[in-house]
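Chemist: Starting from these lines, generate the structure:
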Amino acid sequence: MDILVARTTTEIDEAYERLAEAEVLGCDTETSGLSSATGKLFSIQFSDGEFNVLIPLSEGIPAGRLADLLSDERIVKIFHNARFDLDFLSTNGFVVANVYDTMIAEKVLTKGANQSVSLAETLYRYFAIDLDKSQRAKFNRKWNGIWTDELVDYALSDVIHLPALRREQCDWLERLGLIENYEEQIMKLVQPNSQP
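Modeler: The predicted structure follows:
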């Protein structure tokens, strides 16, 4: 896994140059809780499936040019449970455009199958990947905000598989004639106040 914890302006600029060429990027955040009103945004992660970048906001590192990836209309940003991440990102002043949500896609694909659409369960179904979520408990208000190798690996393990998951889901959505259904659902997320 090609990993960069972008802490300097030079590292952020280099990461931007590499990731700005991507058509799709897996994206994720780590936070101190479930509510953006009371929780803190600790990091933003990006992955094109090969190159994986973590911005350690908890260490006082600004996102710099990497924030432009989020607002770039050309690049598809892939989240799992985008509503959660978008809430924290918006609360912290980030603009996100062109969103794909693997959780919404999985809900459309498994409707009526009574299956979990958690990222761990979804990745196991598609790729037989076991995600270790044991590090998650360390992200709380008492955490010192310093990123260890174990925490970085944990945070990036979620995003590295999102581009491949989106490809698989898009193939299935097309085969099953469910693209329009997915698009209706994602519009509710990105335009929550729009009329049906």
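Chemist: gap between the longest helix anywhere in the chain and the chain center?
Modeler: Assignment by DSSP state H gives helix 162-175 as the longest helix of the chain. Helix 162-175 sits 16 Å away from the centroid of its parent chain (Cα atoms, centre = their mean, to the nearest Å).
Chemist: Please pull up the helix or strand immediately following it.
Modeler: As assigned by DSSP states H and E, the chain's next helix or strand after helix 162-175 is helix 179-190.
Chemist: Buried ones in that next one, by neighbour count?
Modeler: Asn181, Tyr182, Ile186, Leu189 (16 or more other Cβ atoms under 10 Å). In short, each C-beta sits where N, CA and C put it, glycine included.
Chemist: In a markdown table: those residues, plus distance to Gly93.
Modeler: Output for these, formatted as a markdown table (distance: Cβ to Cβ, whole Å):
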| residue | distance to Gly93 |
| --- | --- |
| Asn181 | 33 |
| Tyr182 | 29 |
| Ile186 | 23 |
| Leu189 | 20 |
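Chemist: export the residues you listed to JSON lines and tack on pLDDT?
Modeler: Listed next are the buried residues of helix 179-190 as JSON lines, based on pLDDT from 0 to 100:
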{"residue": "Asn181", "pLDDT": "96"}
{"residue": "Tyr182", "pLDDT": "97"}
{"residue": "Ile186", "pLDDT": "94"}
{"residue": "Leu189", "pLDDT": "84"}
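Chemist: still on that earlier bit, could I get the longest helix of the chain in PDB with only the CA atoms?
Modeler: The C-alpha coordinates for helix 162-175 follow below in PDB (Å, rounded to 0.1, in the frame of the first residue of the first chain):
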ATOM      1  CA  LEU A 162     -13.800   2.100  -2.400                       C
ATOM      2  CA  PRO A 163     -12.800   2.600  -6.100                       C
ATOM      3  CA  ALA A 164     -12.900  -1.100  -6.700                       C
ATOM      4  CA  LEU A 165     -16.200  -1.400  -4.800                       C
ATOM      5  CA  ARG A 166     -17.800   1.300  -6.900                       C
ATOM      6  CA  ARG A 167     -16.700  -0.500 -10.100                       C
ATOM      7  CA  GLU A 168     -18.300  -3.700  -8.900                       C
ATOM      8  CA  GLN A 169     -21.500  -2.000  -7.800                       C
ATOM      9  CA  CYS A 170     -21.800   0.000 -11.000                       C
ATOM     10  CA  ASP A 171     -21.600  -3.200 -13.000                       C
ATOM     11  CA  TRP A 172     -24.300  -4.800 -10.900                       C
ATOM     12  CA  LEU A 173     -26.500  -1.700 -11.000                       C
ATOM     13  CA  GLU A 174     -26.300  -1.700 -14.800                       C
ATOM     14  CA  ARG A 175     -26.900  -5.500 -15.100                       C
END
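Chemist: circling back: ok, of the buried residues of helix 179-190, which one's closest to Asn92?
Modeler: The nearest member of the buried residues of helix 179-190 to Asn92, counting by Cβ to Cβ, is Leu189 at 18.4 Å.
Chemist: I'd say the closest one and Ile104 touch.
Modeler: Yes: counting by Cβ atoms under 8 Å, Ile104 is a contact partner of Leu189 at 6.7 Å.
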